[in-house]
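Chemist: let's see this in three dimensions:
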Amino acid sequence: MTIEITRADEIELDAWWAMAPKKSELREVPIPPGAMVVVRSCRACGKRSEIAVHWAGLLCGMCRADLEKTELRIMTIQASLESQLDRAMATWAVRQADLDDETAARWYRLCGDRQTATAALQRAQTEKYYNWTAEEIAENIAKKKAAFDDVMGKIERTKGKPGAIAELLKEEALHQSELKRINEARCAAELALQEITAARDEVPF
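Modeler: Now for the predicted structure:
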């Protein structure tokens, strides 16, 4: 998984890198002659590189050359991602708070119906059934799935119609997509820090 950063992040990173301690003059850790290698994506920069099997931490030679600097870069990215997440959540909250009364009532009713149907289906699929036959279990799940499909079908049809609710549904989809991107990048950053720790502590990956 590759960590995605914006142009603003790159500018901020440049400033941090300029202040980073220069504990190593080595630009890249070379692979020892004869060492077994694998071609993997570096957890810190995402670049596909040859990595010696005996190296600790799944990092390329360049990221491995100065672990403090690499760690600082990832931590800066993490801070930026947290800010992006806060902005995304705040923007969506303000958007919903600004709805007029009629639109708000319709919107929250739609969200409530969706949440109820989703929760009912999840319970049907995961709860422990005592003294139920296989046919009864299957029938209950099918009933909840039909109710869920009915609600989601109405929502999909609403998306295709003009109006405030359709616009909100489109904005919600974009919002959810942005949250997914941010959370995937946060997970990638956390994995990168784990690999940096492994490299520092010489724990084989």
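Chemist: from now on I want contacts and neighbour counts done on CA atoms only, so please keep to that.
Modeler: OK.
Chemist: and the helices in the protein?
Modeler: 7-19, 61-65, 67-97, 101-126, 134-159, 164-201 (DSSP state H).
Chemist: and stretch 193-203, what's buried?
Modeler: 193-199 (16 or more other Cα atoms under 10 Å).
Chemist: out of these, who's nearest residue 131?
Modeler: Nearest to residue 131 among the buried residues of stretch 193-203 is residue 194, at 46.6 Å by Cα to Cα.
Chemist: before we move on, back to that, among the helices of the chain, which is nearest residue 44?
Modeler: So among the helices of the chain, helix 164-201 is nearest, using Cα to Cα, at 4.9 Å.
Chemist: so for the closest one, mean pLDDT?
Modeler: Throughout helix 164-201, pLDDT has a mean value of 95.
Chemist: again, but for stretch 29-49
Modeler: Here the average pLDDT along stretch 29-49 is 90.
Chemist: endpoints of it, how far apart?
Modeler: Its start and end residues considered, stretch 29-49 measures 12 Å (Cα to Cα, to the nearest Å).
Chemist: which outside residues touch it?
Modeler: 1-3, 50-54, 58-65, 70, 74, 188-189, 191-193, 195 (Cα atoms under 8 Å, 6 or more residues apart in numbering).
Chemist: and if we set it to 6 Å?
Modeler: Stretch 29-49 has contacts (Cα atoms under 6 Å, 6 or more residues apart in numbering) with 2, 50-53, 58-61, 65, 192.
Chemist: do stretch 150-158 as well
Modeler: residue 166.
Chemist: centre of the chain to it, how far?
Modeler: Relative to its parent chain, stretch 150-158 has a centroid offset of 27 Å by Cα atoms, centre = their mean, to the nearest Å.
Chemist: burial check on the closest residue to residue 59 other than its chain neighbours, number of neighbours?
Modeler: Of all residues not flanking residue 59 in the chain, residue 42 sits nearest, at 4.6 Å (Cα to Cα, 6 or more residues apart in numbering). The number of residues packed near residue 42 is 24, by other Cα atoms under 10 Å.
Chemist: what's the spacing between residue 63 and residue 191?
Modeler: 14 Å.
Chemist: compare those two (neighbour count), which wins?
Modeler: Between residue 63 and residue 191, counted using other Cα under 10 Å, the more crowded position is residue 63 (21 against 16).
Chemist: which residues sit in contact with the more buried one?
Modeler: residue 70.
Chemist: what about it, distance to residue 91?
Modeler: Distance from residue 63 to residue 91, by Cα to Cα: 35 Å.
Chemist: now residue 126
Modeler: 34 Å.
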